[in-house]
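Colleague: sequence? don't have it. structure:
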């Protein structure tokens, strides 16, 4: 990553991808606060270098939401998962698997928060999208 940092402008999208990948390694190691740090670095670069509805934003928001969920900060996780879902709904077909995944993530957070009717509703949206994809 040091080579990227030295050779690329500080707001280059490849640097954002590199930070995102480093965040993924820390996530896999169970070091969620460190992963969050790199996911947030990636997001900041994307905010400077990409249009606001770019799918990479949804990836960043999902990654950050996942870290907050893993750390038990469910309201923060929900906020980021909903941002990802909004972008994906604007930029992808309605039956895209990423949108189903978004609803699944949102449902899991509601389940962890004990809001079971909202969890069920989100999970049903995810299921319906997946069913539609399988029947096409």
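Modeller: Yep, it's here. Since the structure is predicted, the reported quantities are computational estimates derived from the model, not experimental observations.
Colleague: give me the contact list for the biggest helix by length in the chain.
Modeller: For the chain, the longest helix by residue count, based on DSSP state H, is helix 116-135. Under the criterion CB atoms under 8 Å, 6 or more residues apart in numbering, residues 94-97, 99-104, 106-108, 110-111 lie in contact with helix 116-135. Just so you know, the C-beta spots here come from the backbone N, C-alpha and C atoms, and that holds for glycine as well.
Colleague: for stretch 92-110, same thing?
Modeller: 55, 58, 62, 65-66, 69, 74, 77-78, 81-82, 84-85, 88-89, 116, 118-123, 125-127, 129-130, 132-133, 136.
Colleague: show me which of these are buried.
Modeller: Those of the contacts of stretch 92-110 that meet the buried threshold are 58, 62, 65-66, 69, 74, 77-78, 81-82, 84-85, 88, 118-119, 122-123, 125-126, 129-130, by 16 or more other CB atoms under 10 Å.
Colleague: now for the contacts of helix 116-135, which sits with the most neighbours around it?
Modeller: Each of the contacts of helix 116-135 was scored for neighbours by other CB atoms under 10 Å, and residue 102 scores highest at 29 neighbours.
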